[in-house]
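Chemist: Any chance you could fold what I've pasted below:
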Amino acid sequence: MHEIVIGCGDDRTVTGRLVEGDRLPAVLLAHGAGAGQDHPLVALLRDGLASHGYPVVTFEYSYMAKGHRRPDRPPVLMSVHRAALDWVRTHLTERVILAGRSMGGRIASMLAAEGDAAEGLICYSYPLHPPGRYDAIRAEHLWRVQMPMLFFVGGRDGFARKDLVDAYLRPLPGATVEVIDGADHALRMLKRSGVTTEQVIERIVDTSVDWIESLDA
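Modeler: This is a model prediction of the structure:
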């Protein structure tokens with residue numbers, strides 16, 4: 001794994017991580033709101049995808065790089081995310097999968113909705129609404145996404161109530177929705193299930209790889 005530096009304009013930079021691979025497309029994987037690119041869940045996804053031969057790039061949003069807890073406004077998040085996408089296109093390949101956990105997946109989807117080209121979009125624990133705010137649906141822009149989409153949501157995810165997932169994500173053109181029964185927003189299972197987070201991530205990675213391979217079929 002290599003550390004990379006991503007220029008964001010006006011002499012601003014953020015750090016990233018590159019795990020090299022010999023397959024295409026590359027995967028640009030963004031972190032969630034509360035923890036950066038080295039969060040254990042992001043690392044499991046990164047290493048799992050890379051184990052199948054895909055180059056994977058992660059990066060820090062600028063607020064996280066500065067040690068702030070509160071995320072920047074979406075336009076700032078999008079500008080950093082787009083800079084990371086440009087880095088992948090410049091240094092690796094034009095063939096890219098936009099992917100992200102929670103907030104990172106939402107920002108990736110906003111880039112896709114604005115027309116940033118990619119092979120596909122993968123959202124891990126997409127935050128369809130804030131917890132308890134079932135009237136604040138974050139899905140309108142998804143209808144403008146013109147690429148295949150893959151969503152993973154936990155059956156106990158407080159950010160994605162199941163009936164709202166059925167109403168707003170499943171009808172999207174080109175969307176595949178995978179519900180992980182018993183998993184929460186962090187993809188953790190109840191102890192009594194006997195299933196570990198690592199096992200859940202292994203299943204998610206395998207499904208992601210099958211989906212990516214299907215794009216070339």
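Chemist: Assign the residue positioned nearest the centre of the chain to helix, strand or coil.
Modeler: The centroid of the chain falls nearest to Gly100 when counting by CA atoms, centre = their mean (1.1 Å). Of the three states, Gly100 takes strand under DSSP: H, G, I helix; E, B strand; the rest coil.
Chemist: And the strands in this structure?
Modeler: In the chain, the strands defined using DSSP state E lie at 2-9, 12-19, 26-30, 56-59, 96-101, 120-124, 149-154, 175-180.
Chemist: Please name whichever of those strands is nearest to Val195.
Modeler: With distances scored as CB to CB, the stretch of these nearest to Val195 is strand 175-180 (9.5 Å). For every residue, glycine as well, the C-beta is placed using N, CA and C.
Chemist: Tell me what angle the closest one forms with strand 120-124.
Modeler: Interaxial angle, strand 175-180 versus strand 120-124 (axes from the mean of the first three to the mean of the last three CA atoms, to 10 degrees): 20 degrees.
Chemist: which of the residues in strand 175-180 are buried?
Modeler: 175-177, 179-180 (16 or more other CB atoms under 10 Å).
Chemist: What residues of stretch 194-203 count as buried?
Modeler: Buried positions in stretch 194-203, judged by neighbour count with 16+ other CB under 10 Å: 195, 197, 200-201, 203.
Chemist: which stretches of the protein aren't confidently modelled?
Modeler: 217 (pLDDT under 70).
Chemist: Which stretches in it count as helices?
Modeler: 40-50, 62-65, 74-91, 103-113, 162-168, 197-214 (DSSP state H).
Chemist: Give the burial count for Arg73, as a bare number.
Modeler: Using other CB atoms under 10 Å, Arg73 has 9 other residues around it.
Chemist: just to revisit the earlier point, so which of the helices of the chain is the most surrounded?
Modeler: Per residue and on average, the most neighbours among those fall to helix 103-113, with a mean of 23 (mean count of other CB atoms under 10 Å).
Chemist: what's in contact with that helix?
Modeler: Identification of contacts with helix 103-113 by CB atoms under 8 Å, 6 or more residues apart in numbering yields 28-33, 61, 71, 74, 77-78, 81-82, 85, 98-100, 118, 121-127, 138, 141-142, 144-147, 149.
Chemist: Just want the angle from it to helix 74-91.
Modeler: With the same axes, to 10 degrees defining the directions, helix 103-113 sits at 80 degrees from helix 74-91.
Chemist: Apart from its chain neighbours, what residue comes closest to Tyr61?
Modeler: Distance criterion CB to CB, 6 or more residues apart in numbering; nearest residue to Tyr61, sequence neighbours excluded, is Val80 at 5.3 Å.
Chemist: hmm, back to that, measure the residue nearest to the centre of the chain to Arg17 for me?
Modeler: As judged by CB to CB, to the nearest Å, Gly100 and Arg17 stand 14 Å apart.
Chemist: what's the answer for Pro173, then?
Modeler: For Pro173 relative to Arg17 (CB to CB), the value is 33 Å.
Chemist: Mind checking which of these two has more residues around it?
Modeler: Shown here are Pro173 and Arg17; by other CB under 10 Å, Arg17 has more neighbours (19 against 10).
Chemist: Now do the contacts for the nearest residue to that one once chain neighbours are set aside.
Modeler: Sequence neighbours aside, Thr58 is the residue nearest to Arg17 in space, at 4.8 Å (criterion: CB to CB, 6+ apart). Contacts for Thr58 were tallied using CB under 8 Å, 6+ apart; they are 16-17, 29-31, 37, 42, 46.
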